[in-house]
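Colleague: Below are the sequence and a predicted model; questions follow.
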Amino acid sequence: VVQARTLIIAGACDPLFGAAHQQALQSALAEAVFVRAESCGHNPHWEDPVLVAKAIIEAFEV
């Protein structure tokens, strides 16, 4: 079991890793921070790099 803080950024329109898989991953990680990229598919880092950058900064700010 992963105990470390983990950031999950998932595309709402991802045809490969849909909502059920995203939910299962989030449930399996005790310290998960979940961000849904509403307008993205499987590659949010390409499709909305600003959203991804903000999510990374916000999730790991101390």
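Modeller: Received, thanks.

Colleague: Show the residue spans covered by the strands in the protein.
Modeller: Ranges of strands in the chain, per DSSP state E, are 6-11, 32-37.

Colleague: now the first one against strand 32-37, angle please.
Modeller: Between the direction of strand 6-11 and that of strand 32-37, the angle (axes from the mean of the first three to the mean of the last three CA atoms, to 10 degrees) works out to 20 degrees.

Colleague: how about strand 6-11: buried residues?
Modeller: 6-7, 9-11 (16 or more other CB atoms under 10 Å). (C-beta placed from N, C-alpha, C; glycine too.)

Colleague: isn't residue 16 right up against residue 43?
Modeller: No. Proximity of residue 16 to residue 43 does not meet the contact threshold set by CB atoms under 8 Å, at 9.9 Å.

Colleague: neighbour-wise, which of these two wins?
Modeller: Between residue 16 and residue 43, counted using other CB atoms under 10 Å, the more crowded position is residue 43 (13 against 9).

Colleague: you'd agree that one is up against residue 11?
Modeller: Yes. Between residue 43 and residue 11 a contact is recorded at 7.3 Å, counting by CB under 8 Å.

Colleague: Any chance you could list residues touching both of the two?
Modeller: Common contacts of residue 43 and residue 11 (CB atoms under 8 Å, 6 or more residues apart in numbering): none found.

Colleague: what stretches of this protein score poorly on pLDDT?
Modeller: Residues of the chain that meet the criterion pLDDT under 70 lie in 62.

Colleague: Find the centremost residue of it, please.
Modeller: Taking CA atoms, centre = their mean, the centroid of the chain lies closest to residue 9, which sits 1.5 Å from it.

Colleague: For that residue, give its distance to residue 16.
Modeller: As judged by CB to CB, to the nearest Å, residue 9 and residue 16 stand 14 Å apart.

Colleague: The nearest residue to residue 3 once chain neighbours are set aside: neighbour count?
Modeller: Once flanking residues are discounted, residue 3 sits nearest to residue 30: 6.0 Å by CB to CB, 6 or more residues apart in numbering. Residues lying near residue 30 (other CB under 10 Å) number 11.

Colleague: next one: the one 3 residues further on
Modeller: Summarising burial for residue 33: neighbours were counted as other CB under 10 Å, giving 16.
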